[in-house]
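Participant: Can you look at this prediction? I've put the sequence above it.
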Amino acid sequence: MSRSAEMRQFLLRYEGEGQGARYSGVPAQRADQAEAPRVSDDQVRRARVAVAHGAHGRQDCARLLEMLGLAPDDDGNVPVQR
């Protein structure tokens, strides 16, 4: 089984656990930014490692990090931590 098929199965199995919800493919919006938990530096580091592990080369990795908000901006801030 391919990695993407395994990930889809994982998401389908655990997305709505305990709520009886089915996977709709659309992420739920956060109710309030003040209630949103902050992303730690360690979480960003682990996410970058996971992206690098699954990327198909340097350009692919850079593109994925940018899309996910894991690449630092010009000021050195990581968008996902805002």
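Facilitator: Good, I have the coordinates. Note that the coordinates shown come from a computational prediction; the quantities given were computed from them, not determined experimentally.

Participant: Tell me which residues are up against stretch 64-81.
Facilitator: 38-39, 41, 44, 47-48, 51, 54-55, 62 (CB atoms under 8 Å, 6 or more residues apart in numbering). No exception for glycine: its C-beta is placed from N, CA and C like everyone else's.

Participant: Below-threshold pLDDT in this structure: ranges please.
Facilitator: 1-4, 7-37 (pLDDT under 70).

Participant: Where is the longest helix in it?
Facilitator: Ranked by number of residues, the top helix in the chain under DSSP state H is helix 41-54.

Participant: Render the CA-only coordinates of the following helix or strand past that helix in PDB, please.
Facilitator: Remark: after helix 41-54, the chain's next helix or strand is helix 58-67, criterion DSSP states H and E. Extracted in PDB, the C-alpha atoms of helix 58-67 (Å, rounded to 0.1, in the frame of the first residue of the first chain):
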ATOM      1  CA  ARG A  58      15.200  19.800  -2.500                       C
ATOM      2  CA  GLN A  59      12.800  21.900  -4.500                       C
ATOM      3  CA  ASP A  60       9.800  19.800  -3.600                       C
ATOM      4  CA  CYS A  61      10.800  20.100   0.100                       C
ATOM      5  CA  ALA A  62      11.200  23.900  -0.100                       C
ATOM      6  CA  ARG A  63       7.800  24.200  -1.900                       C
ATOM      7  CA  LEU A  64       6.000  22.000   0.700                       C
ATOM      8  CA  LEU A  65       7.500  23.900   3.600                       C
ATOM      9  CA  GLU A  66       6.400  27.200   2.100                       C
ATOM     10  CA  MET A  67       2.900  25.900   1.400                       C
END
